[in-house]
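Colleague: Fold the following, please.
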Amino acid sequence: MALLGLWGCSTTPVEIKDDKPFKTPEFESKIPYVSPEMLRVYEANLNKEYLIGPGDVLSIGIWKRPDLGGKHVVGPHGLITLPMIGVFKIGGLSRDEAAKAIKKCYLKYYDDPLVTVGIDEYKNNKVFVLGRVSNPGIIHFDGAVTLLEALSMAGGLPTDDKSVFLSKCYIVRGRDQIIWVDLLRLLQKADMRTNVRLANNDIVYIPDSMDASVFVMGEIEKPGSVPIQTTELTILDAINLAGGPTENADIEEIRLIRKVEGQQGVKTVNLDTILAKGDFSQNYLLRDNDIVYLPRKGIASFNYFLRQIDPLLRTFISGTIVYEVFKK
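Modeller: The predicted model follows:
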């Protein structure tokens, strides 16, 4: 039923004239991707040093006072317990800041104590990588970590569907920031300016990349949806990914159906012209929810095809589109 609202059911699709080509300069997306310049702004306020926090395992040493030193696990509220001092809040401090703060406390009892703070296990710095990755969960890191490193540690895409890959993600930072990152730009075009540095407690979410699709239907080997995985998916790409035309397909009367200017638009595509003559003017770039329909030779009825397909696919298209448009 997803396309019912998109296509409607009361108007007849109209043939779009050649002076209004379907071709678009690039895949249109309403996602507000953050520019590389803005990503640098987001990175500017990140801490440059590691800050101690809950779960960290520390080694505190005081020169010539071994009884005062030892290992400590930072509690949930950033607290540890020190001999003679008692409860001490160490969470949120760097190692140098922590050493100076502990020294200040022991100055009440000793002259110029030499204090060192080491971090044996880093547990506080973490990001959450969720969504369409092989190993969703928490990733711990001991220093600066980038989006690309986090995705690598999370295993990338699940191995059960290698035909789909990462295309976008968003980063939730704090209570009021959501940063959308174009992963196609990072992974396919190697634009490392979009490889943003992550902050402690960031949430990286990978949505399902199948959410932008076109529907290849009719006399095709594998009718159904084809994900728009790149910025330049053409009709030839979609037909190829769907297995190619069947021997009964009328490849000279392929229809591209799209909502344009508030109404349903239909473009006739001659695949034979593209392949035999090398005329790629009809090899249109596709948009989300486009329908590519390959009619049957001699029977180009849209409703005829609706009766042949799997019932699940019928929910994606409107059976009330006036099928006379597809008659010869």
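
Colleague: what about the stretch 1-150 of the chain, any weak spots by pLDDT?
Modeller: Scanning the stretch 1-150 of the chain with the threshold set as pLDDT under 70 gives 1-31.

Colleague: measure the residue of the chain positioned farthest from its centre to Leu256 for me?
Modeller: The outermost residue of the chain, judged against the average C-alpha position, is Asp111 (56.7 Å), by Cα atoms, centre = their mean. Computed as Cβ to Cβ, to the nearest Å, the Asp111 to Leu256 distance reads 84 Å. Just so you know, the C-beta spots here come from the backbone N, C-alpha and C atoms, and that holds for glycine as well.

Colleague: how much space between the residue farthest from the centre of the chain and Trp63?
Modeller: Asp111 is 12 Å from Trp63, where distance means Cβ to Cβ.

Colleague: check contacts around the nearest residue to Phe88 once chain neighbours are set aside.
Modeller: In space, and not counting its chain neighbours, Phe88 is closest to Leu82: 5.0 Å by Cβ to Cβ, 6 or more residues apart in numbering. The contact partners of Leu82, by Cβ atoms under 8 Å, 6 or more residues apart in numbering, come to Ile60, Leu68, His72, Phe88, Ile102, Cys105.

Colleague: What's the local residue count around the fourth one?
Modeller: Pointing back at Phe88 there. Neighbourhood size, Phe88 [other Cβ atoms under 10 Å]: 17.

Colleague: any idea which element it lies in?
Modeller: Assessed by DSSP states H and E, Phe88 sits inside strand 86-89.

Colleague: Report the buried residues of that strand.
Modeller: Phe88 (16 or more other Cβ atoms under 10 Å).

Colleague: Could you do stretch 193-213 as well?
Modeller: Buried residues in stretch 193-213, counted by 16+ other Cβ under 10 Å: 194-200, 202, 204-206, 209-210, 212-213.

Colleague: Could you export stretch 62-71 as CSV, CA atoms only?
Modeller: Provided in CSV are the C-alpha atoms of stretch 62-71 (Å, rounded to 0.1, in the frame of the first residue of the first chain):
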residue,chain,number,x,y,z
ILE,A,62,52.4,7.9,45.3
TRP,A,63,56.2,7.9,45.5
LYS,A,64,57.6,6.2,48.6
ARG,A,65,54.0,5.6,49.8
PRO,A,66,53.1,2.2,48.3
ASP,A,67,50.4,1.8,51.0
LEU,A,68,48.5,4.7,49.5
GLY,A,69,48.6,3.5,45.9
GLY,A,70,46.9,0.7,44.0
LYS,A,71,44.3,-0.2,41.4
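
Colleague: Just give me how far it sits from the chain centre.
Modeller: Per Cα atoms, centre = their mean, to the nearest Å, the displacement of stretch 62-71 from the mean C-alpha position of its chain is 49 Å.

Colleague: Could you pull up the residues touching the nearest residue to Glu121 once chain neighbours are set aside?
Modeller: Distances taken as Cβ to Cβ, 6+ apart put Val57 closest to Glu121, at 3.9 Å, once the chain neighbours are dropped. By Cβ under 8 Å, 6+ apart, the contact list for Val57 reads Lys71, His72, Val73, Val74, Ile119, Asp120, Glu121, Lys123.

Colleague: Val57 bridge partners, please.
Modeller: Note on Val57: beta-bridge partners by DSSP bridges are Val73, Glu121.

Colleague: what about it, distance to Thr273?
Modeller: 69 Å.
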